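Asks: no sequence for this one, just the structure:
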């Protein structure tokens, strides 16, 4: 009898733990479902290519916000990817000392920075300096979030390269720095690219750092020193208005954004799983 | 030259310096990370000086937020941030531990990867989209299906009194809980997986069931790491901006009821920064940002110390 | 026959651990010299001292002289990169560069030392692969990944990679320990072919291998060189008791 009671407890606890998983998946499914259903009804060619129209006027789209997202994320990549990758190279190749450990520590702390704080930084550092909201300020704010992620993923990928590869290269009479640059980095490139793509996915959906850096704009981007519209900010702006046709636009924008991000995420994970059996 | 003879060049200052130049270049970028952190802190510190000089420490304890008369106190936002984050933890922690235990110990081998992948996918959904869903799906759901039974059966508590319009502290807490479950559960899962197999085998050999093994051999061992994961989730909740801003109601008052709207530190910055007209107004918002940064730095350090100790020493170096 | 390498009073350490104690040894040109001994005797460390790979390991120290054609490779101001270019090395486990094609693996040493001319590279790749007895097996798949080859082919690829930078001396650190018998015998045949043009040093724990391929043999035990001599003599008529014990399988 005692044995049965224990077995029953085991079953109940397994069931409870499994239901935690099920319940946690419900919001995800609900989000994907509502975004898809509500988003599909507002997406069409005009939506993807036209400028927004004032409230009450039919038609129009988020073309400029899509364009702006690519601009701002592109600027963040130009700053963040080289900085993150090279810092990661330093940490993995030369970082076994006090300075290196301090840098990793600071990178971890930066990685935990609230994104809105990165926005204040972009505002204080770039917007105040140039005197206007700009795409570049948005890119800088996003790169603050990007650098620590890329640094750590690069470092970890490089550390996975077996020592025998480095030795093989050194034994050929290839100098240390060329060994790192052309042999080690090329061996670890799968992991480095994965980390870079995941960080792009992460920052593409960020809204808070852009609210008062790249701000918004009802027209096509006029230059990187001018404010630009971005998908996340545009979704937010539309979502908090009381107008149903703008809500529909917000859902449409959400669908475009989520497709971009999920493609990056799922693609990267499938790729790494296949290649590294992770 | 006789090619069979061994020949090698003398010196190579120029060749040796290739290594040096490379190390200096990448070291320069590594230094950049420290400079970036310093600048981040400095900009917030300098930007908030006007507010710090004007209000002093009273800023933290004042509950007035009056842009018209230029009186600013951060208490309602600190209150809102702490309460919504704690609420999120209360909801998220049991779920996260359940998920972590199931995915590391009890689930069939085949389901482990796809399920953890699905749960982590939630972390990839942008905050603003979760907020959009929160406004139109979650808030009405809580208003219509969760709040009425709470006020009927627990209405004697001040927590569940008053009218409920959907956008509220409760909605903010629930949405934060949804957002931190992926990180808390996945780190807990990693921590649990560092528990050495012989611990489990010892319990299994005594005839323990799967759950008993988890309870006796696994959870006590992973306790401090799970605690670290919970704190990391807390840090995430405190810094989370968009989704909360969209569902918490944005009203700077301190209320006992979870049904009333509230305001968080991150939300007030997101909402009011652009329209803040006076220098003191902006400076006060920057000071709230500085507080937010300091709190999240401290929380992250504590959590990482707890998690690292396990993942580094016992797990073999992967974080 | 002249001495290609002369080692005098060589000592090596890992941190405080003294792993090589006062080694004196000569290697003759165009001959194969085998170094045998139980694991942990310092034989791998020893050949890593011959091309300055020992110092790549953190906290490794070294003293003594290694003369190659009469010049000390540890002389102040000598660039270890140059030394390694002249003294090739083949490792225990085949370690081709995993993201490179067969062609790029062989060409890597030349390319990264500044050779850009495609014709020179093509020629070097073909010749090296021929010398490593791999050309016929891979000539139609030069663009395939190096790691797609079998273990034995990978090891010959590593030999070709080492040959491409035109060293005069090649060091083999237990090159067959990860290979099956057929691949092993291919590598052994290859070593015998190579000694016409190169000076070879091979570390092995396989005594039959040492007996089959080498002209001279040195026996190492606990960081010291116990005995050195003609391979036939060492195996038939060792002077030292511990050499005999090891060869007859009484320990190690």
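Replies: Looks like it arrived, so ask away. The structure displayed is predicted, hence computed values, not measured ones.

Asks: could I get the buried residue list for stretch A:173-192?
Replies: A:173-188, A:190-192 (16 or more other CB atoms under 10 Å in any protein chain shown). (Glycine included, C-beta is placed from N, CA and C.)

Asks: so which of those belong to helices?
Replies: In helices, judged by DSSP state H, the following of the buried residues of stretch A:173-192 are found: A:176, A:177, A:178, A:185, A:186, A:187, A:190, A:191, A:192.

Asks: wait, residue C:59 touches residue C:15, no?
Replies: Yes - judged on CB atoms under 8 Å, residue C:59 makes contact with residue C:15 at a distance of 4.5 Å.

Asks: quick one, what contacts the residue most central in space within chain A?
Replies: What sits nearest the mean C-alpha location of chain A, by CA atoms, centre = their mean, is residue A:202, with 1.5 Å. Counting by CB atoms under 8 Å, 6 or more residues apart in numbering or on different chains, residue A:202 makes contact with A:145, A:146, A:149, B:124.

Asks: tell me the pLDDT at residue 133?
Replies: As the question left the chain open, I've gone with chain A. If you check residue A:133, the pLDDT there is 93.

Asks: ah, no, chain C please
Replies: 90.

Asks: could you find the closest non-adjacent residue to it?
Replies: residue C:190 (5.2 Å; CB to CB, 6 or more residues apart in numbering or on different chains).

Asks: state the helix or strand in which the one you found lies.
Replies: Assigned by DSSP states H and E, residue C:190 belongs to helix C:181-194.

Asks: and chain B, is the following helix or strand past that helix touching that?
Replies: Downstream of helix C:181-194, the first helix or strand assigned by DSSP H and E is strand C:199-203. No - residues of strand C:199-203 are not located near chain B by CB under 8 Å from any CB of the partner chain, the shortest gap being 9.7 Å.

Asks: what residues are up against residue 159?
Replies: No chain in the question, so chain A it is. If you count contacts by CB under 8 Å, 6+ apart, residue A:159 has them with residue A:92.

Asks: you looked at the wrong chain, it should be chain C
Replies: Here residue C:159 is in contact with C:90, C:132, C:170, C:175, C:187, C:190 (criterion: CB under 8 Å, 6+ apart).

Asks: quick one, what contacts the last one?
Replies: For residue C:190, the residues meeting the contact criterion (CB under 8 Å, 6+ apart) are C:132, C:133, C:156, C:159.

Asks: could you rerun that using 10 Å?
Replies: Listed by CB atoms under 10 Å, 6 or more residues apart in numbering or on different chains, the contact partners of residue C:190 are C:131, C:132, C:133, C:134, C:155, C:156, C:159, C:175, C:213.

Asks: the fourth one and residue C:186 touch, don't they?
Replies: Looking back up the chat, that one is residue C:134. Yes - in this structure, residue C:134 is within contact of residue C:186 by CB atoms under 10 Å, at 9.4 Å.

Asks: need the overlap of contacts for those two.
Replies: What both residue C:134 and residue C:186 touch, as defined by CB under 10 Å, 6+ apart, is the set C:152, C:153, C:155, C:156.

Asks: excluding its backbone neighbours, what's nearest the residue nearest the centre of chain B?
Replies: When CA atoms, centre = their mean is applied to chain B, the residue found nearest the centroid is residue B:236 (1.0 Å). Leaving aside its sequence neighbours, residue B:236 sits nearest to residue B:180 (CB to CB, 6+ apart; 5.1 Å).

Asks: for the one you found, give me its contacts.
Replies: Going by CB under 10 Å, 6+ apart, residue B:180 touches B:85, B:88-89, B:91-93, B:95-96, B:123, B:229-230, B:232-237, B:240.

Asks: one more pass at 8 Å, please.
Replies: B:88, B:89, B:92, B:96, B:233, B:234, B:236, B:237, B:240.

Asks: among the residues you listed, which are located in helices?
Replies: With DSSP H as the criterion, helices contain B:88, B:89, B:92, B:96, B:233, B:234, B:236, B:237 from among the contacts of residue B:180.

Asks: closest one of those residues to residue C:82?
Replies: residue B:236 (52.9 Å; CB to CB).

Asks: the closest one contacts residue B:179, correct?
Replies: Yes - counting by CB under 8 Å, residue B:179 is a contact partner of residue B:236 at 7.2 Å.

Asks: let's see the pLDDT reported for the residue in the stretch 151-252 of chain C positioned nearest to chain A.
Replies: Closest contact between the stretch 151-252 of chain C and chain A, by CB to the nearest CB, is at residue C:165 (5.8 Å). At residue C:165, the model reports a pLDDT of 92.

Asks: ok, it - contacts?
Replies: A:172, A:173, C:85, C:88, C:109, C:110, C:113.

Asks: any idea how far it lies from residue C:156?
Replies: Counting by CB to CB, to the nearest Å, the gap from residue C:165 to residue C:156 is 16 Å.

Asks: next one: residue B:245
Replies: Distance from residue B:245 to residue C:156, by CB to CB: 64 Å.

Asks: got the confidence number for residue A:275?
Replies: 51.

Asks: wait, is residue C:99 part of a helix?
Replies: No - counting by DSSP: H, G, I helix; E, B strand; the rest coil, residue C:99 is not part of a helix but coil.

Asks: can you give me the neighbour number for it?
Replies: Residues lying near residue C:99 (other CB atoms under 10 Å in any protein chain shown) number 18.

Asks: just to revisit the earlier point, now, which of the contacts of residue B:180 sits nearest residue A:265?
Replies: Nearest to residue A:265 among these, with distances taken as CB to CB, is residue B:236, at 18.0 Å.

Asks: disregarding flanking residues, what is the spatial nearest neighbour of residue B:102?
Replies: Residue B:102 sits nearest to residue A:17 (CB to CB, 6+ apart), 3.7 Å away.

Asks: and the pLDDT for the one you found?
Replies: Taking residue A:17 on its own, its pLDDT is 93.

Asks: what's the neighbour count on it?
Replies: Counted with other CB under 10 Å, residue A:17 comes out at 23.

Asks: quick one: buried residues of the helix or strand where it lies?
Replies: Following DSSP H and E, one finds residue A:17 within helix A:2-40. Residues A:10, A:13-14, A:17-18, A:20-21, A:24-25, A:27-28, A:31-32, A:34-35, A:38-39 are the ones in helix A:2-40 that count as buried (16+ other CB under 10 Å).

Asks: OK, contacts around the residue in the stretch 51-200 of chain B that chain A sits nearest to?
Replies: Residue nearest to chain A within the stretch 51-200 of chain B (CB to the nearest CB): residue B:126, separated by 2.6 Å. Counting by CB under 8 Å, 6+ apart, residue B:126 makes contact with A:204, A:205, A:206, A:207, A:232, A:257, A:258, A:261, B:242.

Asks: who in the stretch 151-300 of chain B is up against chain A?
Replies: Counting by CB under 8 Å from any CB, the stretch 151-300 of chain B sits next to chain A at B:178, B:181, B:185, B:209-212, B:214, B:232, B:235, B:238-242, B:246, B:266, B:269-270, B:273-274, B:285-286, B:289, B:292-293, B:296-297, B:299-300.

Asks: can you give me the strands for the chain?
Replies: Let's take chain A. With DSSP state E, there are no strands along chain A.

Asks: not what I meant, chain C
Replies: Here chain C has its strands, by DSSP E, at C:3-14, C:17-28, C:32-36, C:60-68, C:71-72, C:87-90, C:169-173, C:199-203, C:216-221, C:224-230.

Asks: format these as a markdown table; extra columns: mean pLDDT, distance to chain A and mean neighbour count.
Replies: Formatted as a markdown table, these follow (pLDDT from 0 to 100; distance: least, CB to the nearest CB, whole Å; neighbours: other CB atoms under 10 Å in any protein chain shown):
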| stretch | mean pLDDT | distance to chain A | mean neighbour count |
| --- | --- | --- | --- |
| strand C:3-14 | 92 | 15 | 18 |
| strand C:17-28 | 93 | 17 | 17 |
| strand C:32-36 | 95 | 17 | 27 |
| strand C:60-68 | 92 | 13 | 17 |
| strand C:71-72 | 90 | 17 | 14 |
| strand C:87-90 | 94 | 4 | 27 |
| strand C:169-173 | 95 | 8 | 25 |
| strand C:199-203 | 95 | 13 | 26 |
| strand C:216-221 | 94 | 21 | 25 |
| strand C:224-230 | 93 | 23 | 17 |
